[in-house]
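>>> Sequence isn't available, so here's the structure alone:
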């Protein structure tokens with residue numbers, strides 16, 4: 001049934017913040033919080049790193065089923081159905097933690113949730129462009145980013161801290177995480193109901209014909225134009241290698257903080273990790289990202305890309321220091337925050353470059369390809385990081401991580417960076 005377009009009477013403030021909060025929560029729970037859950041539940045670092053890294057896969061390949069969101073139903077319906085699906089996934093995952101076969105059962109559920117979450121991303125981003133005018137889109141691009149980051153803090157900060165407090169109160173780790181995931185499921189129940197009531201019905205939000213989508217999205221032509229870019233070999237090497245070391249560090253950071261000191265870790269509690277890494281660390285990353293954007297806007301990417309690569313990678317040495325000295329928690333707060341601040345700076349330069357190389361006729365599709373390759377560059381090193389750490393121990397693992405950052409920085413010297421100047425001249 002066709003519903004009148006009420007876009008003009010619905011302020012974006014009523015749905016954009018909650019929509020992008022809903023986009024961020026499942027991503028951080030599936031890819032980050034799951035690591036802490038499994039570490040608390042006694043799974044080895046090797047198994048944790050390998051299997052949770054594979055959960056990135058839907059975000060690597062989501063570009064390939066994006067057209068299905070255009071063909072079947074509306075973006076609004078996709079948002080509502082995927083939010084209900086995520087509610088069900090988190091509820092079943094919560095229940096699965098009470099079973100002896102919880103590990104692979106919950107992994108299967110998180111895998112389904114990852115595909116649903118990636119589909120929600122596609123629908124939400126498409127709905128954003130349909131429900132808002134171009135002026136509103138420009139106005140709310142920062143707002144949606146803020147609420148996505150709030151979702152990251154909620155998941156890796158509040159939810160982890162909450163589970164840690166329950167663990168101390170109840171003395172039951174599986175039950176603590178069951179309750180925490182049940183809270184996440186309840187939030188998605190509320191979000192889906194709220195969005196059912198509040199999301200507008202843009203006239204342009206209608207399913208496309210299969211032939212129309214096939215005609216509008218020439219996949220072979222898009223892929224060919226991307227992979228025939230000048231210097232594409234160095235561009236691909238840069239995308240895959242730039243965060244190679246960081247991908248390993250990110251996957252093992254929480255297990256390192258949680259592991260007993262006798263095992264080479266820092267012996268922090270789950271609540272401590274929620275504060276140190278999930279709250280103060282994420283806030284530092286956000287500040288680094290904002291500052292990085294301002295610096296690039298002032299000086300240009302060409303001058304900033306290598307210094308920001310150093311800002312991303314040099315602070316990894318702080319983990320080497322922590323692994324050797326095992327400092328008290330009062331030192332862990334600033335050390336983790338400094339590393340995350342540098343990550344924010346370096347990641348900003350990386351994303352700006354991806355946007356620059358995506359300019360042209362198919363910029364949206366080219367950017368999707370770039371971010372898919374970027375996710376692959378996180379998934380592959382993350383998958384082997386646990387086995388590497390168990391073979392080397394934490395100090396040698398973090399030293400190896402630092403060495404593995406070098407190839408990505410070397411690729412910068414071979415990148416075609418003139419696109420920035422050409423873009424400026426065109427403007």
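Received, thanks. Fair warning: this is a prediction, and the values are worked out from it, not measured in the lab.
>>> What are the buried residues along stretch 303-323?
By 16 or more other CB atoms under 10 Å, the buried positions in stretch 303-323 come out as 304-305, 308-309, 311-313, 315-316, 318-320, 322-323. In this view, the C-beta of every residue, glycine as well, is placed from N, C-alpha and C.
>>> So which of those residues sit within helices?
The helices in this structure, assigned by DSSP state H, contain 304-305, 308-309, 311-313, 318-320, 322-323 from the buried residues of stretch 303-323.
>>> May I see those arranged in CSV, with distance to residue 176 as well?
Written out in CSV, the entries for these read as follows (distance: CB to CB, whole Å):
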residue, distance to residue 176
304, 43
305, 43
308, 39
309, 39
311, 36
312, 34
313, 35
318, 30
319, 27
320, 32
322, 26
323, 28
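>>> Out of those, flag the one nearest to residue 50.
The shortest approach to residue 50 among those belongs to residue 319, at 20.4 Å (CB to CB).
>>> Would you mind measuring from that closest one to residue 79?
Distance, residue 319 to residue 79, by CB to CB, to the nearest Å: 39 Å.
>>> Could you identify the most distant pair in the buried residues of stretch 303-323?
Spatial extent of these (CB to CB) is set by the pair 304 and 323 at 30.1 Å.
>>> so which helix or strand takes in residue 99?
If you go by DSSP states H and E, residue 99 is not part of any helix or strand.
>>> any idea of the pLDDT on the residue nearest to it when sequence neighbours are not counted?
The shortest distance from residue 99 to any non-neighbouring residue, by CB to CB, 6 or more residues apart in numbering, is to residue 105 (6.3 Å). Turning to residue 105, the model gives it a pLDDT of 97.
>>> Counting neighbours, which bits of the one helix or strand residue 105 maps to end up buried?
With secondary structure defined by DSSP H and E, residue 105 is part of helix 102-131. Taking 16+ other CB under 10 Å as the basis for neighbour counts, the residues of helix 102-131 that come out buried are 102-103, 105-107, 109-128, 130-131.
>>> can you check stretch 182-194 too?
Using 16+ other CB under 10 Å as the burial criterion, the residues of stretch 182-194 that qualify are 184-185, 187-189, 191-192, 194.
>>> Equivalent analysis for stretch 162-175, please.
Buried-residue list, stretch 162-175, by 16+ other CB under 10 Å: 162-167, 173-175.
>>> same thing with stretch 249-263?
Of the residues in stretch 249-263, those with enough neighbours to count as buried (16+ other CB under 10 Å) are 249-259.
>>> And stretch 227-241, by the same measure?
Of the residues in stretch 227-241, 229, 231, 235-241 count as buried by neighbour count, 16+ other CB under 10 Å.
>>> rewinding a little: switch the buried residues of stretch 182-194 over to TSV; also include secondary structure and pLDDT.
Output for the buried residues of stretch 182-194, formatted as TSV (DSSP: H, G, I helix; E, B strand; the rest coil; pLDDT from 0 to 100):
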residue	secondary structure	pLDDT
184	helix	97
185	helix	97
187	helix	96
188	helix	96
189	helix	97
191	helix	96
192	helix	96
194	helix	96
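>>> tell me how far stretch 51-65 is from the chain's mean position?
The gap between the average C-alpha position of stretch 51-65 and the chain average comes to 11 Å, counting by CA atoms, centre = their mean, to the nearest Å.
>>> Pull out the buried positions in it.
For stretch 51-65, burial by neighbour count (16+ other CB under 10 Å) applies to 51-60, 62-63.
>>> Can you give me the end-to-end span of stretch 128-142?
The straight-line separation of the ends of stretch 128-142 (CA to CA, to the nearest Å) is 13 Å.
>>> I'd like to check what contacts it. Which residues are they?
7, 10, 12, 15-16, 19, 75, 144, 199-200, 202, 204-205 (CB atoms under 8 Å, 6 or more residues apart in numbering).
>>> Reformat these as JSON lines; add distance to residue 97.
Shown next, in JSON lines, are the contacts of stretch 128-142 (distance: CB to CB, whole Å):
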{"residue": "7", "distance to residue 97": "42"}
{"residue": "10", "distance to residue 97": "39"}
{"residue": "12", "distance to residue 97": "37"}
{"residue": "15", "distance to residue 97": "32"}
{"residue": "16", "distance to residue 97": "33"}
{"residue": "19", "distance to residue 97": "28"}
{"residue": "75", "distance to residue 97": "33"}
{"residue": "144", "distance to residue 97": "32"}
{"residue": "199", "distance to residue 97": "32"}
{"residue": "200", "distance to residue 97": "38"}
{"residue": "202", "distance to residue 97": "40"}
{"residue": "204", "distance to residue 97": "42"}
{"residue": "205", "distance to residue 97": "38"}
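>>> Alright, calling it a day.
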